[in-house]
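Colleague: What follows is a predicted protein model with its sequence.
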Amino acid sequence: MSIRSDRPVSTEQIHAALAALAAEPEPAPKKRPEGPREEERLRLLGSLLAKTELEITAATRLTEEEEIEDVLETLLGWGEQLGRDPDLAVNVLTNRLQRTAVQVSEPEAEELPPGREAAFAAVMTAVYALGAQLHADRGDEEGTRHALSGAEEALIDILQGMHDLRVAIGDAAGPVSEGND
């Protein structure tokens, strides 16, 4: 599988796109008087992605009747850019899910609240399930097994997080301590 990009977007092009959207990062002349550097490329792409997602969010109606049409319209544009490469589509989707999982997990937090833990596990279940299918499509039984194991563990984490949240709101009994038989 190859990523569709005959000419990768340069750091300067990304920075120019951010500037055009009034979203360029604060300049740091002491750090980079010559402008954006190649090692900043991924961070700048992340900024551009965030700006794009914010624009889509602002343009998406929040009424249940029309929201799906807005989502489908953005998917049409996404599909037009991506083309008809199903492996690439899964790769892009998996990459997006992994970013979502990291955002949900609050990397700085020592412990996640149970609802966030369940949401993180749900996203990871999708990542593992997509990976399992890719391995299966390639005939990689061991890779499929490994990905399925990850999906199963994540499913258990979803159920545990949901249960812990129910305990927190009083809808379920908490863990029984050994001294209270």
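Modeller: Happy to help now that I have it.
Colleague: Quick check on the residue nearest to G150 when sequence neighbours are not counted: phi, psi?
Modeller: Residue nearest to G150 in three dimensions, not counting chain neighbours: Y128, with 4.0 Å by Cβ to Cβ, 6 or more residues apart in numbering. For glycine as for every other residue, the C-beta is placed from the backbone atoms N, C-alpha and C. For Y128, the backbone dihedrals (degrees, to the nearest 10) come out as phi -60, psi -40.
Colleague: can you pull the contacts of Y128?
Modeller: By Cβ atoms under 8 Å, 6 or more residues apart in numbering, the contact set of Y128 is A147, L148, G150, A151, A154.
Colleague: residues in contact with the first one?
Modeller: Right, the one you point to is A147. A147 touches Y128, A129, G131, A132, H135, counting by Cβ under 8 Å, 6+ apart.
Colleague: starting at the chain centroid, how far to the helix or strand where it lies?
Modeller: Following DSSP states H and E, one finds A147 within helix 141-168. From the chain centre to the centre of helix 141-168 is a distance of 18 Å (Cα atoms, centre = their mean, to the nearest Å).
Colleague: Show me which residues of that helix are buried.
Modeller: 144, 147-148, 150-151, 154-155, 157-158, 161-165 (16 or more other Cβ atoms under 10 Å).
Colleague: Report the two of those separated the most.
Modeller: By the measure Cβ to Cβ, T144 and L165 form the most distant pair in those, at 31.5 Å.
Colleague: after the lowest-mean-pLDDT helix or strand in the chain, next one along is what?
Modeller: Here the helix or strand of the chain ranked lowest by mean pLDDT, DSSP states H and E is helix 64-82, holding a mean of 82. Remark: after helix 64-82, the chain's next helix or strand is helix 86-104, criterion DSSP H and E.
Colleague: Now do the SS call for E106.
Modeller: Following DSSP: H, G, I helix; E, B strand; the rest coil, the label given to E106 is coil.
Colleague: Give me the nearest residue to it, chain neighbours excluded.
Modeller: Per Cβ to Cβ, 6+ apart, closest to E106 is L112, 6.3 Å.
Colleague: Distance check, the closest residue to T144 other than its chain neighbours against A151.
Modeller: Excluding the flanking residues, the one nearest T144 by Cβ to Cβ, 6+ apart is H135, at 4.1 Å. Separation of H135 from A151 (Cβ to Cβ, to the nearest Å) stands at 12 Å.
Colleague: give me phi/psi at T60?
Modeller: The phi/psi pair for T60 (degrees, to the nearest 10) is phi -90, psi 130.
Colleague: give me every residue that touches the nearest residue to it once chain neighbours are set aside.
Modeller: Once flanking residues are discounted, T60 sits nearest to D70: 4.3 Å by Cβ to Cβ, 6+ apart. Counting by Cβ under 8 Å, 6+ apart, D70 makes contact with A59, T60, R61.
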